[in-house]
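**Q** predicted model and sequence below, questions to follow.
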Protein chains: 2
Amino acid sequence: MARDTRERLLDAGLALFAGNGLAGTTVSDLEARAGLRAGSGSFYRHFTSKEALFEAVVRQELDRFRTSIGDTTIGESTVADVKIALALEFHEALTTLGQLGQLEAIIHRDAHAMGDLFDEVEGLYNAALDASAARLNQLMESGQLPRRDPQALAVTIRSTLIGYHLNTQSFRRSARRVPPADLIAILIDLISSK
Amino acid sequence: MARDTRERLLDAGLALFAGNGLAGTTVSDLEARAGLRAGSGSFYRHFTSKEALFEAVVRQELDRFRTSIGDTTIGESTVADVKIALALEFHEALTTLGQLGQLEAIIHRDAHAMGDLFDEVEGLYNAALDASAARLNQLMESGQLPRRDPQALAVTIRSTLIGYHLNTQSFRRSARRVPPADLIAILIDLISSK
DNA sequence: GTCTATACAAAGATAGAC
DNA sequence: GTCTATCTTTGTATAGAC
């Protein structure tokens, strides 16, 4: 195996917890997916329990989330056409949702098992939302977008993107064949209409 | 007990499967919640297995879903002001999502365990979406709403409502204190802007 | 660091008394 | 129709050889 077993177990945990939930994933499943013999207790050489791995997985994804928020510099872009800037921003958001979709899935499934970490998730989520509202407000101030309640608009946009993403995920394809680009186009048309 | 045990087991199943998932719910949990002695096999006098109850629960909720779609007559309302009609319609949709939220939760958790029933869920979902698109199209034809792709707009609206609902559910309160009424107001403002 | 073997606990399921 | 008791299966976890 190329990578460290501990790392492979983290990967296995991410995929299986997201797909089958904490209770729906057995230590044997994790071992099998990490290339270990299922049923051998080899898992326990790396983590003290299934719950310990769960927490490690969530922590790892949280760090990725934090990083991806920091990387989003589009908010400060100087693209002249607001519509283009927003299109890029929304596309980026959908991509990020795709990448962090497994954390999303874990949150929706086993939020209760996350303990303190849940508060941290919520904090990060709200920070992202506030940044988005500030950005929208700025665009409204400069007259590039019609004036509306920035906080409510940010929540609306975020809800739309998340709803579309989760839906696509649940039904394993875009709802009624409306591709991401069409959704983004409509969304931008809507918020730039007066 | 007032109601039939079978019925109480269905209720218990709906609540527990939605909250803890199929794998996260034990037969003992179900028995306890239905007022039976946990650990006694009394459950098996009513259902042949945990999976059998799961299927019965999903079927029952699907029927409720079907009924609730049929009941939505607002689409044919003659309220003069489109904005008011839409506000009522969206509010109704959010309420329905709340009532069917447990089915939603089950779908997001254990879609894989639903087998054939999943296709039925998807069919109903798409039917509701098509009805919404047709309604929007009608409003555009009569000039009461600005012209946009009805299918894409319907998906956008539905995504927003579902995203908002799921988010509120995950974080146990409205995102950044934006109440449902504010979301609906923004949404209507957006789609009626030209 | 992974395996075989095994102990132990939890959960699914059945039999039979009441 | 629910209970006690019990059996079986599955899953968690540890010990010790390689």
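**A** Good, I have the coordinates.

**Q** tell me which residue in chain A sits closest to chain B.
**A** Closest approach between chain A and chain B, counting by C-beta to the nearest C-beta: residue A:163, at 2.7 Å. For glycine as for every other residue, the C-beta is placed from the backbone atoms N, C-alpha and C.

**Q** so what secondary structure elements neighbour the host helix or strand of that residue?
**A** With the criterion set as DSSP states H and E, the secondary-structure element containing residue A:163 is helix A:150-170. In terms of contacts (3 or more C-beta pairs under 8 Å, 6 or more residues apart in numbering or on different chains; DSSP states H and E), helix A:150-170 is packed against helix A:82-99, helix A:101-110, helix A:117-141, helix A:180-191, helix B:101-110, helix B:150-170, helix B:180-191.

**Q** quick one: the fifth one near chain A?
**A** I take that to be helix B:101-110. Yes: using C-beta under 8 Å from any C-beta of the partner chain, a contact is recorded between helix B:101-110 and chain A, made by B:107-109.

**Q** how's chain A carved up into domains?
**A** Dividing chain A into domains by automatic domain parsing, as the record does, gives the ranges A:1-47, A:58-191.

**Q** now tabulate the ones you listed in JSON lines and tack on mean pLDDT.
**A** Below are the domains of chain A laid out as JSON lines (pLDDT from 0 to 100):
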{"stretch": "domain A:1-47", "mean pLDDT": "95"}
{"stretch": "domain A:58-191", "mean pLDDT": "87"}
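
**Q** just tell me which of those ends up closest to residue B:69.
**A** Ranking the domains of chain A by distance to residue B:69, with C-beta to C-beta as the measure, places domain A:58-191 first at 15.9 Å.

**Q** residue farthest from the centroid of chain A?
**A** For chain A, the residue at maximal distance from the C-alpha centroid (C-alpha atoms, centre = their mean) is residue A:40, at 33.4 Å.

**Q** how about that one: what's its closest non-neighbour residue?
**A** In this structure, residue A:40 finds its nearest non-sequential neighbour in residue A:31, 6.6 Å apart by C-beta to C-beta, 6 or more residues apart in numbering or on different chains.

**Q** how about the contacts made by that neighbour?
**A** By C-beta atoms under 8 Å, 6 or more residues apart in numbering or on different chains, the residues touching residue A:31 are A:37-40, A:42-43.

**Q** nearest spatial neighbour of the residue most central in space within chain A, chain-adjacent residues omitted?
**A** The structure's chain A has its C-alpha centroid closest to residue A:100; by C-alpha atoms, centre = their mean the separation is 3.2 Å. Among residues not flanking residue A:100 along the chain, residue A:65 sits closest, at 5.7 Å (C-beta to C-beta, 6+ apart).

**Q** number of nearby residues for that neighbour?
**A** Residue A:65 has 20 neighbouring residues, counting by other C-beta atoms under 10 Å in any protein chain shown.

**Q** any of the contacts of residue A:31 buried? List them.
**A** Buried residues within those, counting neighbours by 16 or more other C-beta atoms under 10 Å in any protein chain shown: A:42-43.

**Q** got the contacts of residue A:31 as JSON lines, with distance to DNA strand C and secondary structure columns?
**A** What follows is the contacts of residue A:31, written out as JSON lines (distance: C-beta to the nearest atom of the strand, whole Å; DSSP: H, G, I helix; E, B strand; the rest coil):
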{"residue": "A:37", "distance to DNA strand C": "3", "secondary structure": "coil"}
{"residue": "A:38", "distance to DNA strand C": "8", "secondary structure": "coil"}
{"residue": "A:39", "distance to DNA strand C": "6", "secondary structure": "coil"}
{"residue": "A:40", "distance to DNA strand C": "3", "secondary structure": "coil"}
{"residue": "A:42", "distance to DNA strand C": "4", "secondary structure": "helix"}
{"residue": "A:43", "distance to DNA strand C": "8", "secondary structure": "helix"}
